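In: Here is the input, now give the coordinates:
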Amino acid sequence: MPNGRRLVLLRHAKAEAAGRVSDELRRLQPRGWRQGMAVGAGLRQAGLVPDTVLVSSAVRARETWQKVAEALGDEPEPDVIVSDELYGARAEEVVELIRGTEGRVRTLLVVGHEPAMSATAAYLAGSGEPTHLAQVRTGLPTAAYAALWVEAPWSGLEHLGAVLRDVVRPAWPE
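Out: Residues are numbered from 1 along each chain as shown. Okay, the predicted model is just below:
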């Protein structure tokens, strides 16, 4: 895909249980730290190192990105945009945020929440392997991501305008 763009929609890693603090302030569990590191290593290995990262302002999403970034190591540091709008966003709102991405960006990573990440992948996926399509229609577990290929410029991203290339749902060590 020499002229295309790559979009990675990542659900945050495993967070502490709800109820002890407000939802936006929930932090990652130690398992989530390991998941974030594994995601970063997997993105690097798959050639999906982001140029720009759009991250929900929720603590668990920002901590997920921190762990992913640690695992990316000596890769060039991407532009990072922390967005309050990603928290609680619907698929169409996530797509609108993606449309604002600079044209020079070849790989965009979005770190957000369910059901928005899987719903966004399902909204955009005009084609893809049936098992991957089924996974984004049913939801992404923590620290799983959907990788889509987009031919249009970010500003022209449309419903069913991408190819769902992969859904990565590794088995995480406890």
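
In: from memory residue 94 sits against residue 86, does it?
Out: Yes. Counting by Cβ atoms under 8 Å, residue 86 is a contact partner of residue 94 at 6.9 Å. Using the backbone N, CA and C atoms, a C-beta is placed for each residue, glycine as well.

In: can you list residues touching both of these two?
Out: 110, 112, 116 (Cβ atoms under 8 Å, 6 or more residues apart in numbering).

In: picking that back up, more crowded one of residue 94 and residue 86?
Out: residue 94 (26 against 23; other Cβ atoms under 10 Å).

In: Looks to me like that one is in a strand.
Out: No. Read with DSSP: H, G, I helix; E, B strand; the rest coil, residue 94 is helix and lies in no strand.

In: neighbours of residue 149, just the number please.
Out: If we define neighbours as other Cβ under 10 Å, then residue 149 has 16 of them.

In: wait, residue 75
Out: 13.

In: Flag every buried residue along the helix or strand hosting residue 131.
Out: Residue 131 belongs to helix 130-138 when assigned by DSSP states H and E. By 16 or more other Cβ atoms under 10 Å, the buried positions in helix 130-138 come out as 132-133, 135-136.

In: Kindly report the same for stretch 15-28.
Out: Those would be 15, 26, 28, for stretch 15-28 by 16+ other Cβ under 10 Å.

In: got the residue ranges for the strands in the protein?
Out: 5-11, 52-56, 79-83, 107-112, 125-128, 145-150, 162-168 (DSSP state E).

In: mind saving the C-alpha coords of the third one as CSV?
Out: Listed in CSV are the C-alpha atoms of strand 79-83, where the atom choice follows Å, rounded to 0.1, in the frame of the first residue of the first chain:
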residue,chain,number,x,y,z
ASP,A,79,3.2,13.8,17.6
VAL,A,80,0.8,13.0,20.5
ILE,A,81,-2.6,14.7,20.8
VAL,A,82,-4.5,14.1,24.0
SER,A,83,-8.3,14.6,23.4
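
In: Against residue 16, how distant is residue 87?
Out: To residue 16, residue 87 is 17 Å away according to Cβ to Cβ, to the nearest Å.
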